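Enquirer: From the sequence below, what's the structure:
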Amino acid sequence: MKFTITYFTLFFTFCFSFSQSYSGAESVEYDPINDRWLVSNGNRIISDDGQGNLSFFGTGTTSYGLEVMGNTAFGIQGSNIIGYDLTSEQQVTIASISGASFLNGMTSDGVDTVYVTDFSQGRIHKIDFSIFASPVITQIVSNTQNTPNGILYDGDNNRLIYTSWGSNAQIKQVDLSNNQVSTIITTSLGNIDGIDDDAAGNYYVSSWTPDRITKYDSNFQNPQIVTTPSLNSPADIGINQTTGIMGIPMGNSVVFVDLGVLSFEEFESNAFNFIIAPNPIDASSEIIFSNLNYKPTAIELLDISGRVIQLISSDVDSGNNISLKTINQASGVYFIRVSNDLSSATKKVIIK
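Expert: Predicted coordinates:
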């Protein structure tokens, strides 16, 4: 289903960009006690009232994920999870995770337990903050078999949901009854960063390839593209479920959008129908399109980690085949991604 809502007047009421004030915005969390947004920005936490007024949150430091639980804001600083009182803005607890490499995303059960991903080591840790003086740390997933990024606690289904990096990125879940990992969906998105949900039970993820916010229903079906302003590597998003406002951090800026007045485009997962032949590829190989619904604006070659290593073409006419004779890479497995602002599709290729 496709629907559109006229929203331009309301949109600019709720959309703000602070390109002059942010220098490393990574994670956004709403603080309902003080009606403000907290943003991890480089090595500091910034308080943002959503109206363009920014200030430092005490002396709090964090490098990546933020999580508000009760009257405490938790931030990642290296291998530490540091808790700050939301009223006094002073540090009240710290948990040090031994052997941590790159702690990144964070979520909580809203009561006393925080969960955090280790991007580099493919691990998920549980920290019980029932007693601030002596938090209890448990590694609940030792090998996610991918690079876990954003993470969300889903109490209704007794699970954690987390996003992953790379091409055709997966959204996975951890069953908290036994800590078993399974895949919810394999997307056509690349490098999914953040994840959050709204009051109606819909899920939203931010991706870098393409740069966009994608909405899924409660069963991770019927993906839709959220028509946000122009995005550039959107990171760890946050949603105020009461108002439906989403905060989107993007390094040098943060934008706030009202999901209630934005429009959504149907996600055309099969917009780009093509084959690559011959494959394994050689100088005669081509991308052969069929039923091309939208004109691609980029055809890229990716390595197995999802990193773009070559732009094959940036100008594709409907019905035209694209030669792959310009590819000159070492033997191995690669991916070719065809995309535009609305959709993308990726296929595996082999170079002998």
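Enquirer: What are the boundaries of the strands in the stretch 101-250 of the chain?
Expert: Using DSSP state E, counting those that start in this stretch, the strands of the stretch 101-250 of the chain run over residues 103-108, 113-118, 123-128, 136-141, 148-154, 159-164, 170-175, 180-186, 190-197, 203-209, 211-216, 224-226, 238-240, 245-249.
Enquirer: Listing partners with orientation, what would you give for the next helix-or-strand element following the last one?
Expert: Reading on from strand 245-249 to the C-terminus, the next helix or strand found by DSSP states H and E is strand 254-258. Here strand 254-258 is paired, per DSSP bridges, with strand 245-249 (antiparallel).
Enquirer: what's the angle from the partner strand to strand 211-216?
Expert: With axes from the mean of the first three to the mean of the last three Cα atoms, to 10 degrees as the basis, strand 245-249 and strand 211-216 are set at 140 degrees to each other.
Enquirer: now strand 245-249: how far from the chain's centre is it?
Expert: Counting by Cα atoms, centre = their mean, to the nearest Å, strand 245-249 is centred 12 Å from the centre of its parent chain.
Enquirer: same check, this time on stretch 76-88
Expert: With Cα atoms, centre = their mean as the basis, stretch 76-88 stands 22 Å off its chain's centre.
Enquirer: That stretch: which residues count as buried?
Expert: Buried residues in stretch 76-88, counting neighbours by 16 or more other Cβ atoms under 10 Å, are found at 76, 77, 80, 81, 82, 83, 84, 85, 86. Every residue, glycine included, has its C-beta placed from N, CA and C.
Enquirer: same check, this time on stretch 60-73
Expert: Neighbour-count burial for stretch 60-73, counted by 16+ other Cβ under 10 Å, picks out 60, 61, 62, 63, 64, 65, 66, 67, 68, 69, 72, 73.
Enquirer: Any chance of CSV for those, columns distance to residue 299?
Expert: Supplementary listing: the buried residues of stretch 60-73 in CSV, determined by distance: Cβ to Cβ, whole Å:
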residue, distance to residue 299
60, 44
61, 42
62, 38
63, 35
64, 32
65, 34
66, 37
67, 39
68, 42
69, 44
72, 47
73, 43
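Enquirer: Columns secondary structure on top of those, output as a markdown table?
Expert: Below are these laid out as a markdown table (DSSP: H, G, I helix; E, B strand; the rest coil):
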| residue | secondary structure |
| --- | --- |
| 60 | coil |
| 61 | coil |
| 62 | coil |
| 63 | coil |
| 64 | coil |
| 65 | coil |
| 66 | strand |
| 67 | strand |
| 68 | strand |
| 69 | strand |
| 72 | strand |
| 73 | strand |
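Enquirer: Perfect, that will be all.
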